[in-house]
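*Asks:* sequence and computational prediction follow.
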Amino acid sequence: MILFDFIVNIAIFSLLVSTPLVIRSFIHQKPIKYFSLWASLYAGVVSVILVILSIKQQGYAYDIRYAPVILVFAYFGPIPGVITGLFSLLTRLVSGGNWAPAIIGWMINMMILCVVHKVMSQSSQSKKIGSLFMAYVAGYLVTILSFHILLTEPLFHLQYVLFVMLGVILGGLLIESNDRLLRINKQNKYMEATLEKSESKYKLIANHTSDLIMVMDQNHTVSYFSPSHELVLGYERHELIGNLLCMLVHPKDLEIFHQTISTMIGGQEGYSLEVRLKHKEGHWKEFESRCQPVKGSKYVIVISRDISDRKKAEEVLLQSEKLSIVGELAAGIAHEIRNPLTTIKGFLQVYKEGNYSRKHNELLLSELERIEAITSEFLSLAKPQLTQLTVTDLRELVEYTTEILSPEALLKNIEFQLSYEATHFPITGEKNQLKQMLLNIIKNAMESMPYGGEIQICLRKDGERHGVIAIQDHGCGIPEELLPKLGEPFYSLKEKGTGLGLMICKKIIKQHEGDITYSSKMNEGTLVEIRLPLLQA
């Protein structure tokens, strides 16, 4: 019967512990004032009920009233614990005899529980409950040994302590599980509120932006169209949902659009592209689309911005730049040709008066040749030239050019220093154009050294795909602020230069998909680097 009585006590205790926890989970209100005091009073009532259900054995009453006392000590501290303990003690004194061991045992337990709670105040709840229970067991042993209570029946004491332990464990598990559920529920509500707030914010952005927002899946089916489609393209959302995307995208842009979406599905990298979309009225509008895959899904978000006005503005600006360049070229041509024409006009007047000589003829021819040179350079720059691309070697071109210029270099006391970092530098290009380009640049280097010196020409590789021709002179140099102007028409540091030579060189290098850079210091020299793509094996 004792075992049955203990089980009944445990069941009732578990019910009494879980009842307020369940009620609390359904009540959503502010924290109760003096909650720990109310909890200790309720625990005291529970201990009273447990004392009433106590087990009588040889004049002594046994119950698990210390289970709620230990739990109150663990969760609410010593003062609520002592209050709960007082309830259990008073009820015990009223319901049975043997007051001395009950009172002294209660005092011993209260003192030990208070000390242990203070020592374990920073520990976790599980460690705190375990330590308090062991303290209670110590106090219980001191009590039964001091008053020689049923010392001949150790099994009874053992099962009593075990049932108190079981009550503490069950009560602790019920409280902890309920607290955990409340925390999870609170976190879920917070996440729901945050998600709802975030969703409303994104809806606000999506509903009021002028950008087009689409969500596409791996089958290129659009599951979401932003309301901005009605504003920008004239379609209402119900007109778009269910229709094929090919109804919107320009036929010439459709293939690359599908390829871009297919490439991104399941990936992480986004892409940008320009695409034309059809307005409801039938005309096409240009958009810049940013496609971004959704991580961990088969969806792609496409955000498109109307750039029709920007394109028109760019065309107007380009046209304006063209007119500006034409104006600069016209002014330059007029300036360059007017000077020799003035000379020719003057000599024609001299001819008219009959006062001419052989020297006058030579000057006239010289000025006419200057006009012819300017017009020839412009023709070579402007007219489309037939190019015959062949496989050639940069090393051969450099050696050929320096060999042609060697006699002139010898007269000016200039020496070429050639160095190569590799044996072959094969490229695909037009030989004559490349020779002309090298001649112009090396001659410029020679003309910057009126007192002679060395011109170092180095041929090296930049990675596996490009070759670099570096031409270093030790001439007068070029001011740093003037370097960006090199290659502009009629801009030259030479007295009779037109600037068209470098302009033609830049055009030839650009046609061969290369680039040219300059670096210079006054009175130290200039370094010109020409970078050209090599032929891949």
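*Replies:* Here it is on my side, so go on. Values in this document were obtained by computation on a predicted structure and should not be read as measured data.
*Asks:* when you work out contacts or count neighbours from here on, use the C-alpha atoms and nothing else.
*Replies:* Will do.
*Asks:* what pLDDT is listed against residue 133?
*Replies:* Note for residue 133: predicted pLDDT of 90.
*Asks:* in which helix or strand does it reside?
*Replies:* Using DSSP states H and E, residue 133 falls within helix 125-146.
*Asks:* buried residues of that helix, list them for me.
*Replies:* Going by neighbour count (16 or more other C-alpha atoms under 10 Å), the buried part of helix 125-146 is 125, 128-133, 135-137, 139-140, 143.
*Asks:* other SSEs contacting whichever helix or strand comes after that helix?
*Replies:* Toward the C-terminal end, the helix or strand that comes next after helix 125-146 (DSSP H and E) is helix 154-208. On a contact count with 3 or more C-alpha pairs under 8 Å, 6 or more residues apart in numbering; DSSP states H and E, helix 154-208 meets helix 2-26, helix 66-76, helix 125-146, helix 228-233.
*Asks:* try 10 Å
*Replies:* helix 2-26, helix 66-76, helix 125-146, strand 212-216, helix 228-233 (3 or more C-alpha pairs under 10 Å, 6 or more residues apart in numbering; DSSP states H and E).
*Asks:* what's the least confident stretch among the ones you listed?
*Replies:* helix 2-26 (a mean of 77).
*Asks:* ranges for the strands of this protein?
*Replies:* 55-57, 60-62, 212-216, 222-225, 271-278, 284-293, 300-306, 390-393, 414-420, 426-429, 453-462, 466-472, 515-521, 525-533 (DSSP state E).
*Asks:* between the ones you listed, which one is nearest to residue 159?
*Replies:* Across the strands of the chain, residue 159 has its closest neighbour in strand 60-62 (11.0 Å, C-alpha to C-alpha).
*Asks:* if we can go back for a sec, in CSV, list the helices and strands packed on helix 154-208 along with distance to residue 196.
*Replies:* Listed next are the helices and strands packed on helix 154-208 as CSV, based on distance: least, C-alpha to C-alpha, whole Å:
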stretch, distance to residue 196
helix 2-26, 23
helix 66-76, 35
helix 125-146, 35
strand 212-216, 20
helix 228-233, 22
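*Asks:* for residue 181, find the nearest of these.
*Replies:* Closest among the helices and strands packed on helix 154-208, using C-alpha to C-alpha: helix 2-26, at 8.8 Å.
*Asks:* show me what the closest one is packed up against.
*Replies:* helix 35-52, strand 55-57, helix 66-76, helix 154-208.
*Asks:* list the buried residues in that helix.
*Replies:* 6, 9-10, 13-14, 16-18, 21.
*Asks:* now, which of these sits nearest residue 167?
*Replies:* Nearest to residue 167 among these, with distances taken as C-alpha to C-alpha, is residue 10, at 5.9 Å.
*Asks:* what is the burial count for the residue nearest to residue 211 when sequence neighbours are not counted?
*Replies:* Among residues not flanking residue 211 along the chain, residue 305 sits closest, at 5.0 Å (C-alpha to C-alpha, 6 or more residues apart in numbering). Using other C-alpha atoms under 10 Å, residue 305 has 16 other residues around it.
*Asks:* how many neighbours does residue 35 have?
*Replies:* 11.
*Asks:* ok, it touching residue 76?
*Replies:* Yes: judged on C-alpha atoms under 10 Å, residue 35 makes contact with residue 76 at a distance of 9.2 Å.
*Asks:* distance of residue 403 relative to residue 508?
*Replies:* Distance from residue 403 to residue 508, counting by C-alpha to C-alpha, to the nearest Å: 21 Å.
*Asks:* what sits opposite residue 304 in the beta ladder?
*Replies:* For residue 304, the beta-bridge partners under DSSP bridges are residue 212, residue 289.
*Asks:* which residues does it contact?
*Replies:* Counting by C-alpha atoms under 10 Å, 6 or more residues apart in numbering, residue 304 touches 210-214, 272-275, 277, 286-291.
*Asks:* what about 6 Å?
*Replies:* Neighbouring residues of residue 304 by C-alpha atoms under 6 Å, 6 or more residues apart in numbering: 211-212, 287-289.
*Asks:* what of residue 219?
*Replies:* Taking C-alpha under 6 Å, 6+ apart, one finds nothing in contact with residue 219.
*Asks:* got the phi and psi for it?
*Replies:* phi -90, psi 10 (degrees, to the nearest 10).
*Asks:* roughly how far apart are it and residue 259?
*Replies:* Taking C-alpha to C-alpha, one finds residue 219 at 12 Å from residue 259.
*Asks:* do the same with residue 41
*Replies:* Counting by C-alpha to C-alpha - residue 41 and residue 259 are separated by 72 Å.
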